[in-house]
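K.L.:
Quick one: sequence plus predicted model below, questions after.
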Amino acid sequence: MFQFSRLVSARLAVAVVAVAAGLALTSCSPVVDVTPAKDAANAACAPMMLALPDAIGDAKMRKTNAQATAAWGDPSMVILRCGVNVPGPTTDRCVSVNGVDWVIKEGNPVWTLTTFGREPATEILMDPNKISSATVLADLSAPALKIKATRNCVGQEDLQNLPTSK
């Protein structure tokens, strides 16, 4: 009986060490190097950063090395920076997703999605070939709502309906 309990204890110890090593390896993704935005220390970024999802689609959130930044996926598929320059009037495409207006600049391969009418502005860098922009915007619009909107995008149809001066 003594031999059996020593054998069970030894196997249990090995199993505990293996599980601990496995957890350590899976939680040690390298920290993502992100350059912070100029206004990253703006206090208005904090509520949004606290509301960010743990995952976007199948991409899990990773640690970053800069204030008011976030990254998802390994390798990173989505990078977020709060405190970027607020976009002014633009002819770039603007879409509204769940109450948040986003200016979209399609690059090759990286797209830049920036909140419009919110200060500070939030920027998302993503590759639409690796993750759906619809998923990214749907998952990040609720946190972006934490920064109050002061303006909205207008389209050609909005401009046609403006009152004329007499």
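P.N.:
Looks like it arrived, so ask away.

K.L.:
and the closest residue to residue 32 other than its chain neighbours, how many neighbours does it have?
P.N.:
Leaving aside its chain neighbours, residue 32 sits nearest to residue 71 (4.0 Å; criterion: C-beta to C-beta, 6 or more residues apart in numbering). C-betas here are computed from N, CA, C, even on glycine. Counted with other C-beta atoms under 10 Å, residues neighbouring residue 71 total 25.

K.L.:
gap between residue 145 and residue 78?
P.N.:
Distance of residue 145 to residue 78, computed by C-beta to C-beta, to the nearest Å: 18 Å.

K.L.:
and those two? which has more neighbours close in?
P.N.:
Taking neighbours as other C-beta under 10 Å, residue 145 and residue 78 compare with residue 78 leading, 25 against 17.

K.L.:
Any idea what the closest residue in space to that one that isn't next to it in sequence is bridged to?
P.N.:
Distances taken as C-beta to C-beta, 6+ apart place residue 72 nearest to residue 78, at 4.4 Å, with adjacent residues excluded. Note on residue 72: beta-bridge partners by DSSP bridges are residue 61, residue 78.

K.L.:
Flag the shaky bits of the chain, pLDDT-wise.
P.N.:
Applying pLDDT under 70 to the chain picks out residues 1-28, 155-166.

K.L.:
Domain-wise, how is it divided?
P.N.:
Residue ranges of the domains in the chain are recorded as 1-30, 45-154, according to automatic domain parsing.

K.L.:
Could you pull out the helices in the protein for me?
P.N.:
For the chain, the helices defined by DSSP state H cover 2-26, 45-50, 133-144, 156-160.

K.L.:
in the second one, what's buried?
P.N.:
Using 16 or more other C-beta atoms under 10 Å as the burial criterion, the residues of helix 45-50 that qualify are 45, 48, 49.

K.L.:
hmm, who's touching it?
P.N.:
By C-beta atoms under 8 Å, 6 or more residues apart in numbering, the residues outside helix 45-50 that reach it are 39, 68, 70, 82, 83, 120, 122, 143, 144, 146, 147.
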